[in-house]
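Participant: have a look; sequence and predicted model below, questions after that.
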Amino acid sequence: MSSGNILHENADLRLNEENGAELEIDLVELLYRLVEKAKWIIAAVLLGMLAMGLFTKFMITPTYQATAKLIVQESKNNVVDLSAINLSDKLTADYVQVFHNWHVHEKVIQTLDLPYTYEQIQSMLKISVLTNTRIIAITVTSKNPQEAKDIAMTYAQVAPAFIEAKMETSRPNIFEEPRVPTKPSAPRKMLNLLLGAFFGGVISVAVILIQFISDDRVRNAEILQKRLGLPTLGMMPIQGMDEKNAKRKPGKGAKK
């Protein structure tokens, strides 16, 4: 390897070391800038929480959930055996499909005289099977808590009758009746406040970061030496400072 290549590699190494040092200094300066702007970041966080709180209160309509539960039991002569339990497990999955039947929706709509279409009432309905059980949960979401309870209870009455008539099996029993919800299920106010605080902080930090990157002003001798690669020989005071000090009024002990 020639001496010219060795010198070239040494120069590249020094350049990489200088770039690494420059990046470290920039990160430190950025940290100082964020500390200087801490009050603005805090203000943005509080503003984000306030905005999201007002949006949640005045722009989002609260919804309520009521849940009724059915239990599937297939018995023979009022005696439950192992084969009946296995059959009940299989029937539970079949019974869930009943709640997607338009006949069941129509019966519920007619019973309560609801102003909903099949698609609308289906979107309000959630059917789930509790893990490792034969219990079917019927959850209804509505803007009216009493309506949510009434619809859930009506499904718990209509679906078993439909199952008994159409599927020729024993009807599931009501395991738990729904109650009128007292608290909304959505929106989640605390979560929304935390999201508002998060986005307020992120936006403020992003603005400060953009300003920091785009700021090419020379603030001190170290920045000037780093950019030009030349040592600083001297510093001059800001023009006008001496005149300002000269015009300053004398103290109490000075004579006019």
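Facilitator: Yep, that arrived. Residues are numbered from 1 along each chain as shown.

Participant: need the per-residue pLDDT for Gln73.
Facilitator: Among the per-residue scores, Gln73 shows a pLDDT of 75.

Participant: the nearest residue to Leu34 once chain neighbours are set aside: neighbour count?
Facilitator: Closest residue to Leu34 in three dimensions, ignoring its sequence neighbours and counting by CB to CB, 6 or more residues apart in numbering: Ile208, at 6.3 Å. C-betas here are computed from N, CA, C, even on glycine. The burial count assigned to Ile208 is 18, neighbours taken as other CB atoms under 10 Å.

Participant: surely Ile208 is within a strand?
Facilitator: No - Ile208 sits outside any strand when classified using DSSP: H, G, I helix; E, B strand; the rest coil, being helix.

Participant: which ones are touching it?
Facilitator: 33-34, 37, 40-41 (CB atoms under 8 Å, 6 or more residues apart in numbering).

Participant: now Leu125
Facilitator: Contact analysis of Leu125 by CB under 8 Å, 6+ apart lists 99, 138-140, 151, 155.

Participant: quick one, helices of the stretch 51-200 of the chain?
Facilitator: Counting by DSSP state H, counting those that start in this stretch, residue ranges of the helices within the stretch 51-200 of the chain are 82-98, 102-112, 118-123, 145-166, 189-214.

Participant: in this protein, where is pLDDT below threshold?
Facilitator: The chain contains residues with pLDDT under 70 at 1-26, 74-90, 216-256.

Participant: show me the domain layout of it.
Facilitator: When the chain is parsed with automatic domain parsing, its domains come out as 10-57+190-230, 64-176.
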